[in-house]
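S.K.: Need coordinates for the below:
(chains A and B)
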Number of protein chains: 2
Amino acid sequence: MLIVKKFGGTSVGDKDRIFNVARRCIEDYKAGHQVVVVLSAMGKTTDILLNQAREMNLNAPKRELDMLMTTGEQTSVALMAIAMDALGVPAISLNAFQVSMNTTPVYGNARLKRIDTDRIKHELSNKKIVIVTGFQGINKYDDYTTLGRGGSDTTAVALAAALRADRCEIFTDVDGVYTADPRIVREARKIEEITYDEMLELASLGAGVLHNRSVEMAKKYGVELVVRSSLNNSEGTVVKEVVKMEEMFVSGVACDKNAARIAVIELEDRPGVAFKLFNHLANHNINVDIILQSVGRDGTKDISFTVDEDAADEAAAIIERHRQGSLKCSRVEVEKNVAKVSVVGAGMMSNPGVAAKMFEALYDANVNIKQICTSEIRVTVLIDEKYADVAMNAVHDAFALGK
Amino acid sequence: MLIVKKFGGTSVGDKDRIFNVARRCIEDYKAGHQVVVVLSAMGKTTDILLNQAREMNLNAPKRELDMLMTTGEQTSVALMAIAMDALGVPAISLNAFQVSMNTTPVYGNARLKRIDTDRIKHELSNKKIVIVTGFQGINKYDDYTTLGRGGSDTTAVALAAALRADRCEIFTDVDGVYTADPRIVREARKIEEITYDEMLELASLGAGVLHNRSVEMAKKYGVELVVRSSLNNSEGTVVKEVVKMEEMFVSGVACDKNAARIAVIELEDRPGVAFKLFNHLANHNINVDIILQSVGRDGTKDISFTVDEDAADEAAAIIERHRQGSLKCSRVEVEKNVAKVSVVGAGMMSNPGVAAKMFEALYDANVNIKQICTSEIRVTVLIDEKYADVAMNAVHDAFALGK
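M.R.: Below is the predicted model:
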């Protein structure tokens, strides 16, 4: 088997952890597998480097920031190769130049375009463990780029796709994907298998295990993902296209407390006003979720929506700026103490009762629903943040996810 | 003018020093010159990285050590570009891949083979200051290599040669090359101009300002070198092929206290015994200097020579190991408290009295000479280490170098 294994910064944070990771990879190698390891920068290295740069220049050129940050992963991979050698296993580290990890030109947030696999295949055929820098690429100018948030996961999935690896294991500090956050819902159960789409919904809803970009890429190229713990040897969760039929038609409950609700009250009801509102926000890169529009009355209507909590003030300010122009309204309200609670499951497409069952559970738990949003495999409600944990447990119980 | 400026690790050791270097480079840029800057890793970075590796693996693969260490200069050059941007001057950092700085394959001690200048010239024509990583290269396998001791000086000189730069300035913590170490000889005087050959002799005798390899390369390609202080704006010393005729035929006095003398007593006088002795040492990479052989007597002879102090015990042990075999002798003596004092000067070729004058000065100062060695532009004596400073001053005075 050809296995790609990705470890984040915490997993390689010091000497002992590096040796731990080395030993895990060597297990697979000694079992006869070909092993490609993708690493992030050690611990807080990236933050430390960014701070150094910021102390010198608050508007440092992004090209130079990428040049600076890419030293972080190079340090990790070199030390990992040195650790594996100490354990008697031949290994070689490769950076984005050596692999030829081609990206779009944009610095700080590039997309992978093409990965040359010749060098990696050559080293694998020489019976070496190949250790590749995550998060980084090179663009057509021969300059370093970085891939933005979740970048190392993306590197791992892309490498797995390019190498037609049998599996891509993403190691994190949790055992796998759970039916709900185990810190909040004590009965939460680890999911054995989950589809890409369900994982995407969970990821975007703050499950936080995998970044969306890597799941999207895995889905696109049919890469079998495994989310595993770097701390123990348990099986983890497999993310793939078709999963074993389970009785469960809901696979998990997710909660996002990093949400704020903005209400635009008595907005003048002219054609295109909703378009203008959301266009202004999009122009400032503000992502909007769960939109609700009231039925119009007296030539006005109310529109409310959610945004990430840290974007709330900026979003409100943007609307205020256009109150005398294209967005005439009586006032803008910002409510930050809200949470989104969602049930996700591919099975719910053919089970129309899911939403009703969720609402019933919340009603029984005395949780008031402020707003509702549904997709084919998801039902999301907006509630008061202080009831989030109660709501999670109530919904988790109602769907008997703990069994 | 096209100027290559090289700054060592101490000169870029922290934020303030980086900004200092940036300002010095910007002065030249604003005066209308094209500026290429070569940097070492910040402060003790290289040592810290090496220690990290050693803690994990005492025999770390050299390829991976180079992969690890090259992150040091990349960090320096990126931060320098960020500092220059903060000062409003366009700059771009380039590593060995981006320049295409080709070396021989050997890790840890590679030699530069060919430097592509296209990218650097392109960036210079875009009115940028170009900042290049010193000390590092890439070999034919597309792997990082490092250039060994004095590597960044070598990078700077090689770049100056490849770019046909008008001058190559090496910044250090001293003002330039002196007629003797100013800490020992108070009357020591800064030399305005010196030939490559004189500089080579001084460098190899512990003047420590420039590494031999960079001087040899400068001589080979006719690169005009300037040794300057990174702390002040004084003129420094120019190293070139032909210097202004000065009255002085001796240009400096050098002292090397890091020497030890090994005497092999009553060595069996068979054909090839000297060859065998020095061949054994060469096989262990021990450099030998100032060899003295006594006239043979009773079928034996004495051979003594000097080595670097830290190699003395190993050298003695190697000879001991062969005492029962190819190197039959009565005993091996090691004397560590010795120093080499030398006068250097291109002028002495046509002035036969130099050696005699030196010996006279030492005799007047009551310094006993243990051994003597001469080349065309150098006279070296081995003396007791405790008289080294007295000897330096006596010789410096005798040749009136302070005037």
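S.K.: C-alpha only now, for contacts and for neighbours.
M.R.: OK.
S.K.: Model confidence for the closest residue to A:Cys373 other than its chain neighbours, exactly?
M.R.: Spatial nearest neighbour of A:Cys373, excluding adjacent residues (Cα to Cα, 6 or more residues apart in numbering or on different chains): A:Thr380 at 5.1 Å. At A:Thr380, the model reports a pLDDT of 89.
S.K.: Packing partners of the strand or helix carrying A:Thr380?
M.R.: Here A:Thr380 sits within strand A:378-384, counting by DSSP states H and E. Contacts defined by 3 or more Cα pairs under 8 Å, 6 or more residues apart in numbering or on different chains; DSSP states H and E place strand A:378-384 against strand A:331-344, strand A:371-375.
S.K.: Mind putting the ones you listed into a markdown table with distance to A:Ala394, mean pLDDT and mean neighbour count?
M.R.: Shown next, in a markdown table, are the helices and strands packed on strand A:378-384 (distance: least, Cα to Cα, whole Å; pLDDT from 0 to 100; neighbours: other Cα atoms under 10 Å in any protein chain shown):
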| stretch | distance to A:Ala394 | mean pLDDT | mean neighbour count |
| --- | --- | --- | --- |
| strand A:331-344 | 11 | 92 | 21 |
| strand A:371-375 | 17 | 82 | 15 |
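S.K.: Domains of chain A: list them as residue ranges, please.
M.R.: A:2-246, A:261-335, A:338-399 (the TED database).
S.K.: Flag every residue of the stretch 1-150 of chain A that's near chain B.
M.R.: The stretch 1-150 of chain A has residues A:15, A:53, A:56-57, A:59-61, A:64-65, A:67-68, A:71-72, A:74-75, A:78-79, A:81-83, A:85-86, A:92-93, A:97-98, A:142-143 near chain B, with proximity defined as Cα under 8 Å from any Cα of the partner chain.
S.K.: Tell me which of those residues fall in strands.
M.R.: Per DSSP state E, strands hold the following members of those: A:Ile92, A:Ser93.
S.K.: Could you list the low-pLDDT ranges of the stretch 301-403 of chain A?
M.R.: Residues of the stretch 301-403 of chain A meeting the criterion pLDDT under 70: A:349-350, A:352.
S.K.: what do you get for chain A?
M.R.: Counting by pLDDT under 70, chain A contains low-confidence ranges at A:204-208, A:243-248, A:349-350, A:352.
S.K.: Which helix runs longest in it?
M.R.: helix A:62-86 (DSSP state H).
S.K.: residues touching A:Ala83, list them.
M.R.: By Cα atoms under 8 Å, 6 or more residues apart in numbering or on different chains, the contact set of A:Ala83 is A:Ile18, A:Phe19, A:Ala22, B:Met56, B:Asn57.
S.K.: ok, now how distant is it from A:Asp14?
M.R.: Noted for A:Ala83: a distance of 12 Å to A:Asp14, by Cα to Cα, to the nearest Å.
S.K.: Tell me the bridge partners for the nearest residue to A:Thr374 once chain neighbours are set aside.
M.R.: Closest residue to A:Thr374 apart from its sequence neighbours, by Cα to Cα, 6+ apart: A:Thr380 at 5.9 Å. Beta-bridge partners recorded for A:Thr380 (DSSP bridges): A:Ser342, A:Cys373.
S.K.: Assess the claim that A:Thr380 and A:Ala339 are in contact.
M.R.: No. Contact criterion Cα atoms under 8 Å: A:Thr380 and A:Ala339 do not qualify, at 10.0 Å.
S.K.: Let me know the secondary structure of A:Asp397.
M.R.: In three-state terms, and counting by DSSP: H, G, I helix; E, B strand; the rest coil, A:Asp397 is helix.
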